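S.K.: Predicted coordinates and the sequence they were generated for:
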Amino acid sequence: MLSRVAESIFWMARYMERTNRMLRMMHTKYISSQDEVTDFSWNSVLQTYSDLKEEEYTLIEKDSSKVLEHLVIDRENSFSVINNITRARENARSVQDHITKEVWQCLNEYYHLIREPNIQYNLQHGDPVTSLDALIRHGMLYNGTVDITMAREESFNFLNIGRFLSRAIITIDLLNIKLKEYNYELEKYAEDATWRFLLYSLSGYELYLKTNRGRLHSELVIQHVLYNTDFPHSLLYSMVRLNRYFERLKTESIPENYKQLEFLIGRCYNNIRYSKVSGNSDMLKKFLQQTRTELFEIASLFNKFYFGNT
Amino acid sequence: MDEHALLKNYHEHPEVWDEMFGNADIRSHYKNFVGAIENLSPEEMTRKDEQAKKLFMTQGITFTVYSSGEGIEKIFPFDVVPRIIKADEWLHIEEGIKQRLKALNIFLSDIYHQQFIVKDGIIPARLIYSCPNFLREMVNVDVPFEIYTHISGVDLIRDHDGRFYVLEDNLRTPSGVSYMLENRSMTYRIFPDLIPKNNVLPVKDYPDRLLKNLLSLSNRQKSNPTVVLLTPGMFNSAYFEHTTLARMMGIELVEGRDLVVDNHHVFMKTTRGLQKVDVIYRRVDDNFIDPLVFQPDSMLGVPGIYWAYRKGNVAIVNAMGNGVADDKAVYAYVPDMIRYYLNEEPILKNVPTYQLADADNRKMVFANMNRMVIKKTNESGGYGMLIGSAATEEQMDEFKKAIGEDPRSFIAQPIINLSSAPCYINGELQPRRVDLRPYALYGPEGVDIVPGGLTRVALREGSLVVNSSQGGGSKDTWVLGN
């Protein structure tokens, strides 16, 4: 497979994973803002998903419709959903012969969907949930289309490597956003009801309830988000899958390159697998930071060895 | 014809051949189709029209116009009413194109080798050497199977007498074949069952036939040679076509930056290292293909590819240097080529062409400018063209001045009244001018033409220009079986 093609597919998948998770997170966050929370603010989200300066985003952080407009349809914000979708589509467009026609058409429709006036109207003036629901549904359609139409060959491997790499990073980011909201005071907020919003954002609330019999506690939530391999958005699950799709590249790779990446991915996986951090907030903060750095190292090695960007 | 609501305002032009009407009646090969749509209400037709637009948009069959940073998607306007060609007419066209391509191909081989046609005084040497598309770099290059024109898109028009004329041969990198294929699949959706009922010949074999030809060009003794399609990239207006063809043939779509040349062999950069390339179907123009030999600042080509080609290590489709046969002044000599090389009379006529390098011609053309089309010899796409009947005095003076400065670069042709075909516009059928571009494939086993082609329409009323860059659209083209 051409290096350029592998890179485009990898990035297409990364942008789509971001898109889906951001939408779900905003959906949850918006609903929680309507839920009698006093002093509600989008501050921690804007810190992560906006390129505005602090003095700029503090001006809008309490105005949900402005924030949603900024995060979803503002082209000036390079992290916005519309920019993610546009970039995913541009990447798909240049590799149309390596993804299925269905995947390309799905992304193309997604792009036209988010530009529809009623989506934009509802976000700004009507009911944002309607718009977010429509976008989320289309995101699920994309995932289904990928799974059901793409051949299980090299392009599918790169697609999934991109997908699970991004998923791992986003899970860390969303956990970080939550921790920032609690100011890293885990003990004080150990039984806080808003932990459930993190689980909603990661589509993992129902599984959590079943696993923990309804008890909401920070330690259990963190345990769930980091280590539960039955939960498709947990950090460990993402790493297991990333590793699995990487291993499938073995026969298609230059052996020395494969070895170097294998080492890095193996180390990162084991660092997560054999860590134990859920109770201590300092350790947790450090752990998340270190894992995030390692994930970026993995991304840059792919860039070097598989995408030909030295 | 008054009883059909859709047809009540369909007016024929006395000096124009209409594809559907003749002698105040519907021509026999259109009757079946008209019978199927005449009872449709205007709402139903409009719904079909809108459905077609929507399908084009969601399938991404668009070309992108870039302005202010964000691409604007435009669809190539599609008219839902197919253009229908009778079986015997098609056989005539097919035969004519085969004959023409055979002669043109011998001409290219001759002109880049011994040049008998020049030595025998059929074509003046001055004409060849003054043509900017004559590539000295191609002289004495032996191309595989002596085929230069693997793919051509011959533009045909029909005059008021109902005869087909060749307007251009398009031997370089003709585009539009994907629209031929997509238009057909659009018709399946809009008019279910009509295609089998009318015994329309299929066009879907085109990619298979093209791939077969490409594979046969490989120089390596290998069961599965690597064939790639070289595109200028996603910003090219024909990018949709490049991806469609690559996908349909199952070959790799590459850009210049994906290829490297090492020791006169071409390789592509893959996740597994370098992989050798045997055949390149390129959609990059001659000028841009190798910055070391042609335009030095080209980013679209591959440095060193020319020498790999010259040494026979890679096959390039179409061959470089075909532009000399596409030159509009050389075009005037194609009938002579057919007589000279094949000893046959041309089956398809040329449009009469006056070279303006000749002083007498110039005088005659200037005197009758309002009945002439003036064209630059090396432009295409409807650019560099003056239609005398629609031009202002100022425009004519401008052209006269330009011609005076460089007469070799201009030719004149009498205005041909392109035939008209019905189009669905504003809730009724209206006649609009059309041309026809069938696609011919020239492989080691001969010339092969898929029954059909691209019918381009001048959607503006009274306009004669069908190019998409000038407000043209297209229709599905049906060739009926016997």
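M.R.: Yep, it's here.

S.K.: so who does residue B:328 touch?
M.R.: The contact partners of residue B:328, by C-beta atoms under 8 Å, 6 or more residues apart in numbering or on different chains, come to B:168, B:353, B:375-378, B:411. C-beta coordinates here come from the backbone N, C-alpha and C atoms, glycine included.

S.K.: buried set for stretch A:270-289?
M.R.: Buried positions in stretch A:270-289, judged by neighbour count with 16 or more other C-beta atoms under 10 Å in any protein chain shown: A:272, A:275, A:277-278, A:281, A:284-285, A:287-288.

S.K.: hmm, back to that, quick one: which of the contacts of residue B:328 is nearest chain A?
M.R.: Looking at the contacts of residue B:328 and their distance to chain A, the nearest is residue B:168, at 29.6 Å (C-beta to the nearest C-beta).

S.K.: Let me see the contact set for that closest one.
M.R.: So residue B:168 contacts B:154-155, B:326, B:328, B:331, B:380 (C-beta under 8 Å, 6+ apart).

S.K.: which stretches of the stretch 151-300 of chain A have low pLDDT?
M.R.: A:278 (pLDDT under 70).

S.K.: any idea what residue B:373 is structurally, helix, strand or coil?
M.R.: Per DSSP: H, G, I helix; E, B strand; the rest coil, the local secondary structure of residue B:373 is strand.

S.K.: Close to chain A: what parts of chain B are there?
M.R.: B:57-60, B:70, B:233-234, B:239, B:243, B:246-247, B:252-255, B:257-258, B:268-273 (C-beta under 8 Å from any C-beta of the partner chain).

S.K.: out of these, which are buried?
M.R.: Buried among these by 16+ other C-beta under 10 Å: B:57, B:59-60, B:234, B:239, B:243, B:246-247, B:252-255, B:257-258, B:268-272.

S.K.: and residue B:399, how many residues sit next to it?
M.R.: 22 (other C-beta atoms under 10 Å in any protein chain shown).

S.K.: Chain neighbours aside, what residue packs nearest to it?
M.R.: Leaving out its chain neighbours, the residue that sits closest to residue B:399 by C-beta to C-beta, 6 or more residues apart in numbering or on different chains is residue B:386, at 5.0 Å.

S.K.: Who are the packing partners of whichever strand or helix holds that neighbour?
M.R.: Element membership for residue B:386, per DSSP states H and E: strand B:385-387. Judged by 3 or more C-beta pairs under 8 Å, 6 or more residues apart in numbering or on different chains; DSSP states H and E, strand B:385-387 is in contact with strand B:372-376, helix B:393-405.

S.K.: for it, what is the average pLDDT?
M.R.: Across strand B:385-387, the average pLDDT comes to 84.

S.K.: Which neighbours in the sheet does it have, and how are they oriented?
M.R.: Here strand B:385-387 is paired, per DSSP bridges, with strand B:372-376 (antiparallel).

S.K.: for the residue positioned nearest the centre of chain B, which residues make a bridge with it?
M.R.: Central residue of chain B (C-alpha atoms, centre = their mean): residue B:153, 3.5 Å from the mean position. Beta-bridge partners recorded for residue B:153 (DSSP bridges): residue B:439.

S.K.: Please name the nearest non-neighbouring residue to residue 167.
M.R.: By default, I'm working from chain A. Counting by C-beta to C-beta, 6+ apart, the residue nearest residue A:167 is residue A:238, at 4.5 Å.

S.K.: think we crossed wires, I meant chain B
M.R.: residue B:155 (4.3 Å).

S.K.: from what I can see, residue B:280 looks like it's in a helix, true?
M.R.: No. Counting by three-state DSSP, residue B:280 is located in no helix; its state is strand.

S.K.: Of the contacts of residue B:328, which pair is most distant in space?
M.R.: B:353 and B:378 (14.5 Å; C-beta to C-beta).

S.K.: Mind checking which of those two has more residues around it?
M.R.: Using other C-beta under 10 Å, the more surrounded residue of residue B:353 and residue B:378 is residue B:353, with 18 against 15.

S.K.: For the contacts of residue B:168, work out which two are farthest apart.
M.R.: Farthest pair in the contacts of residue B:168, by C-beta to C-beta: B:154 and B:328, 14.2 Å.

S.K.: Counting residues, name the longest helix you see in the chain.
M.R.: Answering for chain A, as no chain was given. helix A:3-33 (DSSP state H).

S.K.: look at chain B instead
M.R.: helix B:87-111.

S.K.: List the buried residues for it?
M.R.: B:89-90, B:93-94, B:96-111.

S.K.: Check stretch B:192-210 too.
M.R.: Result for stretch B:192-210 [16+ other C-beta under 10 Å]: buried residues B:194-195, B:198, B:200-201, B:203, B:206-207, B:210.

S.K.: Specify which member of the residues you listed is nearest to chain A.
M.R.: residue B:207 (12.0 Å).

S.K.: ok, the closest one to residue B:251 distance?
M.R.: Separation of residue B:207 from residue B:251 (C-beta to C-beta, to the nearest Å) stands at 10 Å.

S.K.: cool, residue A:126 as well?
M.R.: Distance from residue A:126 to residue B:251, by C-beta to C-beta: 48 Å.

S.K.: contacting residues around the residue in the stretch 101-250 of chain A that chain B sits nearest to?
M.R.: Taking C-beta to the nearest C-beta as the measure, the point where the stretch 101-250 of chain A comes nearest chain B is residue A:108, at 4.5 Å. Neighbouring residues of residue A:108 by C-beta under 8 Å, 6+ apart: A:89, A:92, B:58-60.

S.K.: Buried residues, the helix or strand hosting it. List them.
M.R.: Here residue A:108, judged by DSSP H and E, is contained in helix A:101-114. Of the residues in helix A:101-114, A:102-111, A:114 count as buried by neighbour count, 16+ other C-beta under 10 Å.

S.K.: Spell out which residues of the stretch 1-150 of chain A are next to chain B.
M.R.: So the stretch 1-150 of chain A meets chain B at A:1-4, A:6, A:75, A:90, A:93-94, A:96-97, A:101, A:104-105, A:108-109, A:112 (C-beta under 8 Å from any C-beta).

S.K.: What residue, apart from its backbone neighbours, is nearest residue 178 spatially?
M.R.: Picked chain A for this. residue A:198 is the one closest to residue A:178 (C-beta to C-beta, 6+ apart), at 4.6 Å.

S.K.: my bad, chain B
M.R.: Nearest to residue B:178 is residue B:241, by C-beta to C-beta, 6+ apart, at 3.9 Å.

S.K.: Output the lowest mean pLDDT helix or strand found in chain B.
M.R.: strand B:62-67 (a mean of 59; mean pLDDT, DSSP states H and E).
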